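Trainee: Got a predicted model here, sequence first, then my questions.
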Amino acid sequence: MHLNNAPSTPRQSLFVERLSHHATMVANTRDRYATDTHVHDCDMLFVPLAGRFSVGDAQGEAQRLGPGHFVWFAAGSAHSTTTLTSGQTHIAVYVDPALWATALQAQGVSGPPQGMRAGSTALRALSQRMFESAKTGAGENYALCGALVMEAARLSGNPLSGGDPSSALLVAELLAEAIESDLAEPLSLEAFAQQHRLSRRQVERIFRAKYGVSPLAWLQRRRLERAAYLLAHTRESVLSIALQVGWESGSYLSRMLEKTWAKTATQIRASGPGSSL
């Protein structure tokens, strides 16, 4: 009896023949998501929205990733994926190799190695909008899909990421980025912590270790800086500016300016562009 110890051929997942507009998206929220080692007949972009994942390659090397990073696997490249958390959300975008090559060329990226890279605010927003569209049954949005492919191609010109995106550094940076994206929105640490499978206390501790202040203090500071900029560069009313940065009262904004910088809104406005606080 002869035993065949040769490694089995990875399962093949076929997509190219059924790609709509040369790219398609699959959203997944399954708990304990896992796949065996397989290959696609097209390129794949794996973009986490919540949870942590371990993604392995053909050599058996595995990297951990979560929201804020994405993985590109070229057509024919063996890989496997396992979620490391009880819950997860991700999208996978399957791209015709010809379209991916065109996107890379359009972004001036030549011969990038496959693997994990840091994402961007644009990539995160696009993937979230695509997921929401799939969740509501609105069908595929080819414009969003194409935009995500182009943004991923642009980011593929950056170096591969070898770090663990579950580190404190990334979590703190993601929260700072979320705050910066809309200063008028109230800060929801509970929702952010849940998305990253952390407690609110863990998030606050991680953020303070990175930036030296609490998330709320960071938000207040950024609101003040934005308000001061608008006062110096526009003729909008104090109330209008207060509303734009998330405060409902012009008088509250004025008090915060005097408390922080010992300057009134009128003084900041009079100093004009280029003033130092």
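Mentor: The structure has been received and is ready for your questions.
Trainee: pLDDT score for Ser54?
Mentor: pLDDT for Ser54: 87.
Trainee: contacting residues around the helix or strand harbouring it?
Mentor: Secondary structure from DSSP states H and E places Ser54 in strand 53-57. Outside strand 53-57, the residues within contact range by Cβ atoms under 8 Å, 6 or more residues apart in numbering are 33, 37, 46, 62-66, 71, 73, 77-84, 88, 90, 115-116. All C-beta atoms are positioned from the backbone trio N, CA, C, and that covers glycine.
Trainee: What average pLDDT does the helix or strand just after it get?
Mentor: Using DSSP H and E, the next helix or strand after strand 53-57 towards the C-terminus is strand 62-65. Mean per-residue pLDDT for strand 62-65: 84.
Trainee: tell me which residues in strand 62-65 are buried?
Mentor: By 16 or more other Cβ atoms under 10 Å, the buried positions in strand 62-65 come out as 63-65.
Trainee: next structured bit after that strand?
Mentor: Heading C-terminal from strand 62-65, the first helix or strand you meet, by DSSP H and E, is strand 69-73.
Trainee: okay, the angle between the helix or strand following that following strand and strand 53-57?
Mentor: Next along the chain after strand 69-73, taking DSSP H and E as the criterion, comes strand 79-83. On the basis of axes from the mean of the first three to the mean of the last three Cα atoms, to 10 degrees, strand 79-83 is oriented at 170 degrees to strand 53-57.
Trainee: quick one: strand 79-83 to chain centroid distance?
Mentor: Its chain's C-alpha centre and that of strand 79-83 lie 19 Å apart, by Cα atoms, centre = their mean, to the nearest Å.
Trainee: ok, now stretch 171-188?
Mentor: Centre-to-centre, stretch 171-188 and its host chain are 12 Å apart (Cα atoms, centre = their mean).
Trainee: Now do the buried residues in it.
Mentor: Buried residues in stretch 171-188 (16+ other Cβ under 10 Å): 171-176, 178-179, 183, 187.
Trainee: helices and strands around the helix or strand hosting Leu219, which ones?
Mentor: Leu219 belongs to helix 215-233 when assigned by DSSP H and E. For helix 215-233, the packing partners by 3 or more Cβ pairs under 8 Å, 6 or more residues apart in numbering; DSSP states H and E come out as helix 168-181, helix 200-211, helix 238-244, helix 250-261, helix 265-271.
Trainee: residue ranges with poor pLDDT in the stretch 51-200 of the chain?
Mentor: Low-confidence segments of the stretch 51-200 of the chain, defined by pLDDT under 70: 138-140, 163-169, 197.
Trainee: Surely Gln244 and Glu185 touch.
Mentor: No: counting by Cβ atoms under 8 Å, Gln244 stays clear of Glu185, with 11.5 Å between them.
Trainee: Could you measure from His79 over to Lys135?
Mentor: His79 sits 25 Å away from Lys135 when distances are taken as Cβ to Cβ, to the nearest Å.
Trainee: Surely Ser127 touches Glu151?
Mentor: No: in this structure, Ser127 is not within contact of Glu151 by Cβ under 8 Å, at 9.4 Å.
Trainee: Of those two, give the one with the bigger neighbour count.
Mentor: The neighbour comparison of Ser127 against Glu151 (other Cβ atoms under 10 Å) goes to Ser127, with 27 against 23.
Trainee: Contact partners for the more buried one?
Mentor: Ser127 makes contact with 47, 49, 91, 148 under the criterion Cβ under 8 Å, 6+ apart.
Trainee: Over to the last one: give its phi and psi.
Mentor: So the one you mean is Leu148. Dihedral angles of Leu148 (phi, psi; degrees, to the nearest 10) stand at phi -70, psi -40.
Trainee: quick one on the thing from earlier: now the buried residues of strand 62-65 as TSV including distance to Ser251?
Mentor: Formatted as TSV, the buried residues of strand 62-65 follow (distance: Cβ to Cβ, whole Å):
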residue	distance to Ser251
Gln63	51
Arg64	48
Leu65	46
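Trainee: I'd like to know which of these is nearest to Arg208.
Mentor: Arg64 (23.7 Å; Cβ to Cβ).
Trainee: Report the beta-bridge partners for that closest one.
Mentor: Counting by DSSP bridges, Arg64 is bridged to Ser54.
Trainee: quick one on the thing from earlier: mind listing what's buried along the helix holding Leu219?
Mentor: For helix 215-233, a neighbour-count test (16+ other Cβ under 10 Å) marks 215, 218-220, 222-224, 226-232 as buried.
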